[in-house]
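Novice: Fold the following for me, if possible:
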Amino acid sequence: MSKFYTGLFLLIFCSPIFAEQILYICERPAWDGKEGCGPNNTYYTYNLLVDTADFDKKKPEYIFQKSKGCDASKASKFDYPYRVTEEDITFAFRHGASGVSHGQPMPTIKMDRETLKAVMSGTQNSPDLTCRRSDG
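Specialist: Next up, the predicted model:
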């Protein structure tokens, strides 16, 4: 009987049906002479959609959307790699709306999973980003 309960426990708690999609929305503030929008003076908005079922994969991918302004929900979607650890998630993406890097290094967003504090590297000024989480 204990094998039955062990099997049931593993089925329930290790099942992908408990995986969830998480949307991280990060806003990059405007800089030197740029005009932003909203309360965070947002110049770019980045939507970063992950599926927690992918956290254990060797090469997980997330869905990336970027838009100038305060809403990226209608922007084109691209799949890019990311790396997840206990402490943070590092998202990589390419320059330009087309996703082509033009020989430049891929920018990254490194976000603390608990505090949602994020910093962008590979771009002008390596700005801190304002991020929030939306489960869905």
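Novice: who are the neighbours of the helix or strand where residue 67 lies, in terms of helices and strands?
Specialist: Per DSSP states H and E, residue 67 falls inside strand 61-68. On a contact count with 3 or more C-beta pairs under 8 Å, 6 or more residues apart in numbering; DSSP states H and E, strand 61-68 meets strand 42-51, strand 78-84. Placement of C-beta: from N, CA and C, glycine included.
Novice: which one of those strands lies closest to residue 130?
Specialist: strand 42-51 (7.8 Å; C-beta to C-beta).
Novice: The strand holding residue 67: which residues count as buried?
Specialist: 62, 64, 65, 66, 67, 68 (16 or more other C-beta atoms under 10 Å).
Novice: Just the CA trace of it, in PDB.
Specialist: What follows is strand 61-68, C-alpha atoms only, in PDB (Å, rounded to 0.1, in the frame of the first residue of the first chain):
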ATOM      1  CA  GLU A  61      13.400  29.100 -24.100                       C
ATOM      2  CA  TYR A  62      11.100  32.000 -23.300                       C
ATOM      3  CA  ILE A  63       8.900  34.200 -25.300                       C
ATOM      4  CA  PHE A  64      10.100  37.800 -25.700                       C
ATOM      5  CA  GLN A  65       8.200  40.900 -26.700                       C
ATOM      6  CA  LYS A  66       9.700  44.400 -26.800                       C
ATOM      7  CA  SER A  67       7.900  47.600 -27.500                       C
ATOM      8  CA  LYS A  68       8.700  51.300 -27.300                       C
END
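Novice: Identify the residues contacting that strand?
Specialist: Surrounding strand 61-68, the residues in contact under the criterion C-beta atoms under 8 Å, 6 or more residues apart in numbering are 43-50, 54, 72-82, 91, 93, 97.
Novice: How about stretch 34-52?
Specialist: Applying C-beta under 8 Å, 6+ apart, the contact partners of stretch 34-52 are 19-31, 60, 62-73, 75, 82, 84, 89, 91, 93, 109, 129-130.
Novice: List buried members of the residues you listed by neighbour count.
Specialist: For these, buried by 16+ other C-beta under 10 Å: 22-29, 60, 62, 64-68, 70, 72, 75, 82, 84, 89, 91, 93, 109, 129-130.
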